Each structure stands twice: as structure tokens, then as C-alpha cells.
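> Predicted model follows, preceded by the sequence.
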Amino acid sequence: SIPFILCPALCIRNDDPAQGYIISTIFFVSGIVTFLQTTIGCRLPIVQGGTFTFIAPTLAILALPKFVCKDGENLNSDQWEVPEEEREEYWQIRIREVQGAICVASIFQLVVGYS
């Protein structure tokens with residue numbers, strides 16, 4: 001459900017293959033983390049998944065004026081004709097910003113935790 005919450009804020013249309021990329025990435029990373037947890041981690045038989053912890057900060061970042069979708073247009077309408085390459089770069093700029101913010105916040109958390 002995380003991709004379905006984030007995709008409209010990332011300016012991804014409902015029929016865009018990018019939504020499938022995000023869903024498959026979450027499944028893939030969840031599988032890797034579950035494998036690591038059950039082999040070298042604390043070995044609890046649980047399935048790791050995406051976290052909702054970062055949803056609120058992510059939506060706050062994506063609500064900034066520079067990340068608002070083009071002129072508030074309806075991305076799911078057929079009138080929004082943008083070339084595929086430009087559409088891909090359009091949402092990737094936003095996801096890079098979110099990933100960078102999460103990395104900086106995680107490093108900050110590590111530094112505070114070890115001090």
C-alpha cells in the first residue's frame with residue numbers, strides 16, 4: 001500500500017510502469033531483508049516489509065512548492081501528454097530528494113545513537 005500512497009505525490013500516473021517498478025522494488029528489498037534477518041539476524045521467523053514511518057515526512061517533502069505536480073494538472077487525464085523520458089525524470093527527481101533525506105536522517109540517527 002505504500003506505493004499507492006506515494007505515487008500520486010511523486011506525480012506518477014496510475015497506468016505508468018513506474019508504479020510497478022516501485023512495487024517490485026519494495027517486494028525485492030523486503031525479501032532480501034527477510035533473508036538476512038532469518039540467516040544472520042536475530043533469526044525470528046517473520047517477514048520484513050515496508051515501513052509507514054517515513055510516509056508523513058515524505059509527503060511533507062513532496063508538498064513543497066518545487067515538487068508540486070505540473071500546474072496542478074490531473075496526471076491521470078489523457079490530456080497530460082509528456083514524452084516517456086521526461087515523465088520518468090519527472091518522478092525520479094522527487095524520489096532522489098526523498099532518498100537523500102532518508103539517508104541523511106538515518107546517518108543522524110546513527111550518530112546520535114552511538115554518542
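Received the coordinates, thanks.

> what does stretch 14-28 contact?
Ile2, Pro3, Leu6, Cys7, Ile12, Arg13, Gly49, Gly50, Asn76, Arg87, Glu88, Trp91 (Cβ atoms under 8 Å, 6 or more residues apart in numbering). Every residue, glycine included, has its C-beta placed from N, CA and C.

> are any of those buried, and which?
Among the contacts of stretch 14-28, those scoring as buried are Ile2, Pro3, Leu6, Cys7, Ile12, Arg13, Gly50, Arg87, Glu88, Trp91 (criterion: 16 or more other Cβ atoms under 10 Å).

> mind checking the longest helix of the protein?
Longest helix of the chain, by residue count under DSSP state H: helix 84-114.

> Can you list the helices and strands that it packs against?
With contacts taken as 3 or more Cβ pairs under 8 Å, 6 or more residues apart in numbering; DSSP states H and E, helix 84-114 sits against helix 55-62.

> would you put the C-alpha positions of the helix it packs on in CSV?
Extracted as CSV, the C-alpha positions of helix 55-62 are listed here (Å, rounded to 0.1, in the frame of the first residue of the first chain):
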residue,chain,number,x,y,z
ILE,A,55,5.2,8.3,4.9
ALA,A,56,4.5,11.6,6.7
PRO,A,57,7.9,13.2,6.2
THR,A,58,7.9,12.0,2.6
LEU,A,59,4.6,13.6,1.9
ALA,A,60,5.8,16.8,3.7
ILE,A,61,8.8,16.9,1.4
LEU,A,62,6.7,16.3,-1.7
